[in-house]
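**Student:** The amino acid sequence is not available; the structure is as follows:
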Ligand SMILES: Nc1ncnc2c1ncn2[C@@H]1O[C@H](COP(=O)(O)OP(=O)(O)OP(=O)(O)O)[C@@H](O)[C@H]1O
Ligand SMILES: Nc1ncnc2c1ncn2[C@@H]1O[C@H](COP(=O)(O)OP(=O)(O)OP(=O)(O)O)[C@@H](O)[C@H]1O
Ligand SMILES: [Mg+2]
Ligand SMILES: [Mg+2]
């Protein structure tokens, strides 16, 4: 059974009688406990899609089902926004523990989990800082921490590693794979990095220009295999991905 | 003669008696009409450095000279901020032409130049949109357009292509090189992408962890050479860069 | 705005008016005092008075309020932006503002009368003074809290101080300024009751106070209706301004 | 705050006071009228009156203002946040607010007296009503203009409505709310002049009006000094609140 | 502000007179309406004000040549250093003129002044209202401290409080007495009998008296003519009274135009009584006496 299934999704932005179509006839499905990566040109509607899945945009046509439920009703999703969406009036610590608090975790549990994730992402010494006192990459990591700490069933990530240096990025990719292997959550991730797509996505969806739809879908057995990064198949898939993106450009 | 020269720069953030050192004893120089790339771990002080060079942060110790002048006095610098800094109350068009307007260009010239750059970056059809109506990558391109349109002497870019898909990124890298060859401006760019660093930087500066300083400096003859991207030397340099980043991590 | 939206707005307004009237009716029934006539009485008297008596009063009051609003905007907004931007000037002026603002301006009436005479001038200056503070404080606070990122980005384009005001501070504070105008409007109208009690026989404030002192509550409430309408229209105007000037906020 | 900053603030305040006094002195010299005594006369009378007469008046006025501010905050802030968040409710209530706000609340005095008696209750309710609108409109406008990004990000954490108020709307609007409290404070003090003219012999508003009507301008200005001081202290309090509650704004 | 116009040369000379909208205005209004001022070649601008404090302030600001006010204010202004003279009585040459009364609430059981003991009376303090209240109480053998004086500055508020039984009694002048009575309230006592208490006066600034002496005399010629006219045909001027000074329309029909006094100076005794009262209340800045405040005396 598919954990996530989208059928002929259509989304438009309407303002002052002007209609901007963002997604057209998009269909996609993802099995439970698997990872999917979306890749596509800038402005093709990736963030729009994630917004729908997270239940932030109820204004769509088509069917969207997460574990059989509509996105608004599903309680076990976590989202990392492209703009992070950290609250400027909360410190790193408070931003991260917010999700736990909202879901009614005990105080002790909250402290424990928050501390663990901050430590993992190298943010513990920044826990008393406000977002404006952080560097771009630190902010991004706070946003990641805020989602991961929830240990959700479905994790939606919008270019989560874009502001991180290569090493931190690889570390976090590894950490994500670890987490996935441990907790068996379902992950849907947007990235512009082809290697990242190949390393993380059991399924890779390539989107067209705006208004976006899925134009190609890869099944990728190499995902999560640390040793694969240098392998021939890895590079081949990356090249194939690159050319299928280019073909539509 | 060096166009840009920094000697033992030291910057700290102070708030409520708490001092956070961000840069320590940083020295760096860049010849006129050349390109430099800074690469370093997240939170090491790259944006802080650019802020000093752009004259936004006057609160530093050490010597900073741009063409012999202090950063605040130099009129020919353009900066792309990591957070874009687009004004939400101005449309794409107005955001891009703002710099020209401020520098007193004629109306005709302003229109002409704005149109050209928007067209070049594939944003012309978005000219009437406000920033919130744009996707992440589109916003980033607007910020790039806003700086490039000024045809400055010194261009400071803070991770300018981080939210763009691989293809658009390559296109813009090429465009930047073109522009550089045409107008012979001096470019200092921050990136986390090692290939980008090697493709764009005649000089590549590697920074340490926070508080940041330059720990390694590469002179890179391959920069701007389109054909180099596949070559052996290219990959070698990239690997050397990667390991010097890793070595300090 | 689309016709549909306009229609909806109109319906909402009608419903609001109905609620007000029903509430008023019930209250007047409950209290049963001449001090609160029924809506019917008040509207009757409103209709009778509107053309020949009320309109001139409303016009002159409108003039006083509008001029004062305009002057205090022209003075308060730039000064507020300046203080919000310059921490030093702000720290210096804050005690001045904080000590003079809470003193109700009524007490300066004698001084104003001596300095400015008993004509329209002193009236307008007094109203202006009251709303000036409101606009000043609101604008200053909004400018103070402006995200620094915008300032940095425009400054990096080599904007001079004036450019910063024009392209960053003013537009960023515009929503707050419009809020303060809305509030100032209401305040200006309540000051009318003070300034139209001397040396004038015109103005809706005079009309209401005069009707009140002669215990003509039906006339008084006709005046109140006129005042409510006048305020409502001015508000609609401000709302339209906001729609046009701050379209970017509501995307 | 560091001692250095405190010191500086104190110096600024002193300078501000000096400027005020010099200006006052010059004006009183220029006008040469009993209606504006010299600062010296006023301070003399202030010193004479302060302990035995002024303090009780100030205390009772302070009580009235503080209670009203508290009530209108408790009512106005949640309602304002609610209206700012719910476009539908806002569109519906806007005409109601816009029509009733500009009507000066003075005219409802007789009705209040009938309903609430002539004691403190009607006074407090009247002050409350005036500042309530101020806080309501400011909060509503601030909530309306909140960047959507914050709401989206917290909603994506599965926040319910109440959580949104608590973690997003309230903290985001807090600076605006504090501004409105500052403004409301000034407004409350000017309403004192209305509510302390009936059925009371206490309160700084009564004291000033009484001195005024008996032409005791030195006493009147002693009262004004007390009022300025009282406002200034309340402002300092609000400023301290802002420093603590909105520390994130001024990083 | 003063003496800009040389009364003698600029013709016709102009007098600016301020006043509240009270019955005292009728002679001036009649003189204006019937052209008596024009006939005397004096121009009178009547400045309307709605509250006593603003009237005082306007007078102090120097914008007025004179005003119609009550004796207390005239004396307080004088003692606070204002250069002014009482030039005439406006109402109150006899007790019957200018009625003030203690009016009891419809539901109260107050029948006589004695019943007021311990009851609350709505007044405005430091004013003619308080003076009259004290006077009436004393004439009835009571002390002002026997009652609970409650300050209610605005007359309409006072009346509304009374009619809703929020307060036991109030003191107001006509036409508000008639209005309250028409709405069920009861007059407990008034000042039309006994000692003469309430006097309103016309005062002029010293500057005006110096520079416009002639115009002021002519003003009073016209004023006297108007008073005679009113006293001869009271019914004829009722309409003017009702519309211009806002007699509540519920009582307009039954309302009577009262008798107005010819221009005359207040007698020394009345003035001294007020001075004593003011002194006892601590409302006088400096000592004053009859000669200081009366026109034509030195
Ligand atoms: N509020 C809006 N009003 C109108 N159009 C919008 C709005 N938001 C986004 N769009 C448009 O919808 C399209 C899809 O936007 P979206 O943010 O989903 O792109 P994206 O795939 O996430 O791009 P990127 O990789 O640059 O982040 C874009 O072309 C964008 O211009
Ligand atoms: N306002 C501030 N107050 C205190 N510390 C700050 C402030 N701004 C930045 N810092 C700290 O200074 C250091 C350098 O920040 P900077 O933004 O320059 O990093 P960066 O190299 O640009 O990182 P990134 O690659 O993540 O953008 C970081 O450790 C950051 O936490
Ligand atoms: Mg996006
Ligand atoms: Mg940075």
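**Tutor:** Arrived safely, thanks for sending. On a predicted model such as this, the values are computed, not experimentally measured, just so you know. Ligands and ions are numbered 1, 2, ... in the order given.

**Student:** Residue A:124 against residue A:117, yeah?
**Tutor:** No - under the criterion of CB atoms under 8 Å, residue A:124 makes no contact with residue A:117, lying 9.4 Å away. Where you see a C-beta, it was placed from the backbone N, CA and C, and this is true even at glycine.

**Student:** buried ones in the strand or helix carrying residue C:163?
**Tutor:** Under the criterion of DSSP states H and E, residue C:163 resides in helix C:161-164. Judged by neighbour count (16 or more other CB atoms under 10 Å in any protein chain shown), helix C:161-164 contains these buried residues: C:163, C:164.

**Student:** cool, stretch A:203-223 as well?
**Tutor:** A:203-208, A:210-216, A:218, A:220, A:222-223.

**Student:** Give me the contacts around it.
**Tutor:** Outside stretch A:203-223, the residues within contact range by CB atoms under 8 Å, 6 or more residues apart in numbering or on different chains are A:21-28, A:30, A:34-41, A:43-46, A:48-49, A:197-202, A:228, A:231, A:233-234, A:237, A:240-241, A:244-245, A:248-249.

**Student:** list the buried ones in the lowest-mean-pLDDT helix or strand in chain E?
**Tutor:** Lowest on mean pLDDT, DSSP states H and E among the helices and strands of chain E sits helix E:249-252, with a mean of 79. Across helix E:249-252, burial judged by 16+ other CB under 10 Å covers E:249, E:251, E:252.

**Student:** How about that helix and chain C, any contact?
**Tutor:** Yes - under the criterion of CB under 8 Å from any CB of the partner chain, helix E:249-252 makes contact with chain C via E:249, E:250.

**Student:** Tell me which other helices or strands that helix touches.
**Tutor:** helix E:176-182 (3 or more CB pairs under 8 Å, 6 or more residues apart in numbering or on different chains; DSSP states H and E).

**Student:** Show me what the helix it packs on is in contact with.
**Tutor:** Looking at what lies outside helix E:176-182 - CB under 8 Å, 6+ apart - the contacts are C:215, E:99-101, E:103, E:155, E:159, E:162-163, E:170, E:172, E:187, E:190, E:248, E:250-251, E:254-255.

**Student:** Need the buried ones from the contacts of stretch A:203-223 selected in ChimeraX.
**Tutor:** If you want just the buried ones from the contacts of stretch A:203-223 in ChimeraX, going by 16+ other CB under 10 Å, the selection is:
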select /A:22,23,24,26,28,30,34,35,36,37,38,39,40,41,43,44,45,46,48,49,197,198,199,200,201,202,228,234,237,240,241,245,248
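
**Student:** What about the contacts of stretch A:203-223, which are in helices?
**Tutor:** Among these, the members found in helices (DSSP state H) are A:46, A:48-49, A:197-200, A:233-234, A:237, A:240-241, A:244-245.

**Student:** which one of these sits closest to chain E?
**Tutor:** residue A:48 (62.0 Å; CB to the nearest CB).

**Student:** Now do the same for the residue of chain A found nearest chain C: its pLDDT.
**Tutor:** Nearest residue of chain A to chain C (CB to the nearest CB) works out as residue A:15 at 6.4 Å. Model confidence at residue A:15, given as pLDDT, is 80.

**Student:** circling back: could the buried residues of helix E:249-252 go into TSV alongside distance to residue D:134?
**Tutor:** Converted to TSV, the buried residues of helix E:249-252 look like this (distance: CB to CB, whole Å):
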residue	distance to residue D:134
E:249	37
E:251	40
E:252	41
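
**Student:** what number of residues lie near residue 167?
**Tutor:** Chain wasn't specified; assuming chain A. 17 (other CB atoms under 10 Å in any protein chain shown).

**Student:** my bad, the chain I had in mind was chain E
**Tutor:** With other CB under 10 Å as criterion, residue E:167 counts 26.

**Student:** Please tell me how far the residue of the stretch 151-298 of chain E found nearest chain B sits from residue E:98.
**Tutor:** Here the stretch 151-298 of chain E gets closest to chain B at one residue, residue E:154, 47.9 Å apart by CB to the nearest CB. Residue E:154 sits 20 Å away from residue E:98, going by CB to CB, to the nearest Å.

**Student:** Please say which of the two ends up with more neighbours.
**Tutor:** Remark: of residue E:154 and residue E:98, residue E:98 carries more neighbours, 29 against 21, as counted by other CB under 10 Å.

**Student:** So that one versus residue E:44, what's the distance?
**Tutor:** From residue E:98 across to residue E:44, the span is 22 Å (CB to CB).

**Student:** for the residue of the stretch 151-298 of chain E found nearest ligand 2, what are its contacts?
**Tutor:** Going by CB to the nearest ligand atom, ligand 2 is nearest to residue E:153 of the stretch 151-298 of chain E, at 56.2 Å. Neighbouring residues of residue E:153 by CB under 8 Å, 6+ apart: D:197, D:198, D:209, E:124.

**Student:** Put together a markdown table for these, with neighbour count and secondary structure on each row.
**Tutor:** Output for the contacts of residue E:153, formatted as a markdown table (neighbours: other CB atoms under 10 Å in any protein chain shown; DSSP: H, G, I helix; E, B strand; the rest coil):
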| residue | neighbour count | secondary structure |
| --- | --- | --- |
| D:197 | 21 | coil |
| D:198 | 24 | strand |
| D:209 | 24 | helix |
| E:124 | 22 | coil |
